[in-house]
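Engineer: starting from these lines, generate the structure:
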Amino acid sequence: MPHLTSTTTGATRTGLGPGLGIPGYAHPLVAPDEWDTLTRPGLPLHWVVLNVHEGPGTRPDPHCEDAAGRLHTAGARVLGHLDLAHGARGLAELFSEAHRYLDWYRVDGFLLDRCPAERAALPEVRRAITRLRSLLDPGHVVLGHGTHPYPGYAEIADQLVTFRGPWSDYRWSQVAEWTADHPPERFCHLVHGVPRGHLDEALRIARWQGAATIWFTDRTARGGHADPWAAMPGYWDEIVSRIGRGVSE
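Structural biologist: Numbers count the residues shown, from 1 in each chain. Predicted coordinates:
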């Protein structure tokens, strides 16, 4: 099958088990149960993205402050959502949002969503990350390409989102050969529309492609009219159980 293709050798595998990267639920007022569930002990949780209102918003949101505070108390890593708009955002605006996330919600890092993937944009993205890291200590930076970018991006971030999209594409996806030169904890896969009966297959694809951080949900985009990440998947308990005990080859 296409998703088994990977011929590059020499990667360092650490054996890190898979964990969840939550790309951002709906506002805590709309999805209180989802946010509350993430504070339960023992979850295989790598990070949670906080997206208040297309970013940090214009003033502190007490409900988001509370959600972020409870996550921190539970030991979870909270990332602020910064939209690079494929390179169209000005750096001054980006850093202003980063400061607000840090001041209001004490985030542990950032997801740079819609990050450019081409080689030409790498220097500008590197400058942005260098500036962001100066605000963090040391913090965690995830680049949300949603596809395999130019390999140089792997040298400037902690993790890359190399797939973001529907199950219909993911089940036939191919991994870029250069990713085999990096351990699985460097890569994230975010997949929506995964049927319950294909959950084990999706987890195997992530393992075969070398992605340790995943988020699979049966929610769909409904033709672009809904946010598939806004609510918890219907098989939440199952995915937590499967990740907790590992996935067999």
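Engineer: hang on, residue 163 packs against residue 211?
Structural biologist: Yes. The pair residue 163 / residue 211 is scored as a contact, 7.5 Å apart, by C-beta atoms under 8 Å. The C-beta positions use only the backbone N, C-alpha and C, and glycine is treated the same way.
Engineer: what's the overlap in contacts for those two?
Structural biologist: Listed as contacting both residue 163 and residue 211 by C-beta atoms under 8 Å, 6 or more residues apart in numbering are residue 189.
Engineer: look up how far residue 150 lies from residue 103.
Structural biologist: 33 Å (C-beta to C-beta, to the nearest Å).
Engineer: typed the wrong thing, it's residue 92
Structural biologist: Taking C-beta to C-beta, one finds residue 92 at 25 Å from residue 150.
Engineer: comparing the two, which shows the higher neighbour count?
Structural biologist: residue 150 (15 against 7; other C-beta atoms under 10 Å).
Engineer: going along the chain, name the strands of this protein.
Structural biologist: Counting by DSSP state E, the chain has strands at residues 19-22, 45-50, 78-83, 109-113, 140-144, 159-166, 187-192, 213-217.
Engineer: in JSON lines, list these along with mean neighbour count and distance to residue 37.
Structural biologist: As requested, the strands of the chain are exported to JSON lines (neighbours: other C-beta atoms under 10 Å; distance: least, C-beta to C-beta, whole Å):
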{"stretch": "strand 19-22", "mean neighbour count": "22", "distance to residue 37": "10"}
{"stretch": "strand 45-50", "mean neighbour count": "23", "distance to residue 37": "10"}
{"stretch": "strand 78-83", "mean neighbour count": "24", "distance to residue 37": "15"}
{"stretch": "strand 109-113", "mean neighbour count": "26", "distance to residue 37": "20"}
{"stretch": "strand 140-144", "mean neighbour count": "23", "distance to residue 37": "21"}
{"stretch": "strand 159-166", "mean neighbour count": "22", "distance to residue 37": "22"}
{"stretch": "strand 187-192", "mean neighbour count": "25", "distance to residue 37": "18"}
{"stretch": "strand 213-217", "mean neighbour count": "24", "distance to residue 37": "14"}
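Engineer: including mean pLDDT and distance to residue 242, could the ones you listed go into JSON lines?
Structural biologist: As requested, the strands of the chain are exported to JSON lines (pLDDT from 0 to 100; distance: least, C-beta to C-beta, whole Å):
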{"stretch": "strand 19-22", "mean pLDDT": "96", "distance to residue 242": "11"}
{"stretch": "strand 45-50", "mean pLDDT": "96", "distance to residue 242": "14"}
{"stretch": "strand 78-83", "mean pLDDT": "97", "distance to residue 242": "24"}
{"stretch": "strand 109-113", "mean pLDDT": "97", "distance to residue 242": "24"}
{"stretch": "strand 140-144", "mean pLDDT": "97", "distance to residue 242": "23"}
{"stretch": "strand 159-166", "mean pLDDT": "98", "distance to residue 242": "19"}
{"stretch": "strand 187-192", "mean pLDDT": "98", "distance to residue 242": "14"}
{"stretch": "strand 213-217", "mean pLDDT": "97", "distance to residue 242": "10"}
